[in-house]
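Enquirer: for reference, the sequence and a predicted model appear below.
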Amino acid sequence: MTVAFFTASHRRAAVALGAVSAGLLVLSACDKPTPLATLTVGTESVHAEAACYNDGAAIKESQIQQCLNKKAEKTLTVSADDKIRFGVDPEIAEKGWTIFLGGQAAEPEPYKKTYRSIPASAFFSSQTGEATNQTQVTIVETDGKKLTGIWSFQLKKDA
């Protein structure tokens, strides 16, 4: 004589619970993605995860320059009369963010909103005043004292 320890509905519930547990275990092994930064011109947008990010903690001083000089993986082609729209995740805006050009801060104070527009012409003159055809723009998450995230983009001037 065979005795069923579980009814069919209990077996299905146990299997479903096991599947959910296994799924959660697999998800816990995944890395949490970094917040995104986005550049948009017209209808074209490029998104990037951080080149350097320490889960909201300060990036080590010894790594900052290397991160700022890291070649951008995302490129956006713009003409001089375009407006470039910068967008960041709310958690970046909460701390504050600023724009760096050529590894140097381009503005004195961190910006605290998720979105802003800047004319493309502002990005195509070198520090010596000569016109350039491309430039690296870096968004840096900062509270004004420490850098906590770095996102890089390449801007190319449309011919």
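Expert: Cool, got the structure. Small disclaimer: the values here were computed from a predicted structure and weren't measured.

Enquirer: identify the residue nearest the geometric centre of this structure.
Expert: In the chain, the centroid-proximal residue (C-alpha atoms, centre = their mean) is L36; its distance is 3.0 Å.

Enquirer: now do stretch 143-159: distance to the chain's middle.
Expert: Relative to its chain's centre, stretch 143-159 lies at 10 Å (C-alpha atoms, centre = their mean, to the nearest Å).

Enquirer: still on that earlier bit, you'd agree the residue nearest to the centre of the chain is up against E49?
Expert: Yes: counting by C-beta atoms under 8 Å, L36 does reach E49; the two are 6.3 Å apart. C-beta: built from backbone N, CA, C; applies to glycine.

Enquirer: can you give me the helices for the chain?
Expert: Remark: helices assigned in the chain by DSSP state H are 8-28, 61-69, 90-95.

Enquirer: other SSEs contacting the second one?
Expert: The contact analysis (3 or more C-beta pairs under 8 Å, 6 or more residues apart in numbering; DSSP states H and E) places helix 61-69 against strand 52-53, strand 147-157.

Enquirer: residues of the longest one that come out buried?
Expert: Within strand 147-157, the residues scored as buried using 16 or more other C-beta atoms under 10 Å are 147-155, 157.

Enquirer: ok so, going back, shared neighbours of L36 and E49, which are they?
Expert: The overlap between the contact sets of L36 and E49 (C-beta atoms under 8 Å, 6 or more residues apart in numbering) consists of W151.

Enquirer: ok, back up a step: the helices and strands packed on helix 61-69: which one's closest to I99?
Expert: strand 147-157 (10.1 Å; C-beta to C-beta).

Enquirer: what helices or strands is that closest one leaning on?
Expert: Here strand 147-157 touches strand 36-41, strand 44-49, strand 52-53, helix 61-69, strand 74-78, strand 134-142, going by 3+ C-beta pairs under 8 Å, 6+ apart.

Enquirer: so what are the sheet partners of it and their directions?
Expert: Strand partners for strand 147-157, identified by DSSP bridges, are recorded as strand 52-53 (antiparallel), strand 74-78 (parallel), strand 134-142 (antiparallel).

Enquirer: brilliant, that's me finished.
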